[in-house]
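Just the structure for this:
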Amino acid sequence: MITELYDALKDAGAAEDKARKAAETVAAYENRFGKIETDLAVLKWMVGTNVVLTVAVFVKLFIH
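Residues are numbered from 1 along each chain as shown. I've put the predicted structure just below:
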């Protein structure tokens, strides 16, 4: 749960159970976005490696 969001919702007048549920839901989305960022980092490395190897094959093909 994101306590800052929970506190802000409580200060804004939201009911305690609704504020808690909203903070927990936002925290769950934050965890999902973190996983997506990790997956994207792996994909970037894979694409970069593929591009480098492809360029190396073309260079070797046209030089010899």
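
Please compute how far the host helix or strand of residue 9 lies from its chain's middle.
Taking DSSP states H and E as the definition, residue 9 sits inside helix 3-11. Counting by Cα atoms, centre = their mean, to the nearest Å, helix 3-11 is centred 24 Å from the centre of its parent chain.

Mind giving me the packing neighbours of that helix?
Contact here means 3 or more Cβ pairs under 8 Å, 6 or more residues apart in numbering; DSSP states H and E; on that basis helix 3-11 packs against helix 16-63. For the C-beta atoms, the positions are set from N, CA and C on the backbone; glycine is no exception.

Against residue 27, how distant is the residue most central in space within the chain?
Nearest to the mean C-alpha position of the chain, counting by Cα atoms, centre = their mean, stands residue 37 at 2.9 Å. In this structure, residue 37 and residue 27 are 16 Å apart, going by Cβ to Cβ, to the nearest Å.

likewise residue 33?
Plainly put, residue 33 is 11 Å away from residue 27 if you go by Cβ to Cβ.

For the two, work out which one has more neighbours and name it.
Relative neighbour count places residue 27 above the other of residue 33 and residue 27, with 15 against 10, counting by other Cβ atoms under 10 Å.

Wait, the more buried one touches residue 4, no?
No: in this structure, residue 27 is not within contact of residue 4 by Cβ atoms under 8 Å, at 10.8 Å.

Quick one: mean pLDDT for stretch 44-55?
Model confidence over stretch 44-55, given as mean pLDDT, is 98.

Return the helix holding residue 9 as PDB; C-alpha atoms alone will do.
Taking only C-alpha atoms (Å, rounded to 0.1, in the frame of the first residue of the first chain), the coordinates of helix 3-11 have been written out as PDB:
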ATOM      1  CA  THR A   3       0.900   5.300   2.500                       C
ATOM      2  CA  GLU A   4       1.300   8.800   1.000                       C
ATOM      3  CA  LEU A   5      -1.800   8.200  -1.200                       C
ATOM      4  CA  TYR A   6      -3.700   6.700   1.700                       C
ATOM      5  CA  ASP A   7      -3.000   9.700   3.800                       C
ATOM      6  CA  ALA A   8      -3.900  12.100   1.000                       C
ATOM      7  CA  LEU A   9      -7.200  10.400   0.400                       C
ATOM      8  CA  LYS A  10      -8.000  10.400   4.200                       C
ATOM      9  CA  ASP A  11      -7.200  14.100   4.400                       C
END
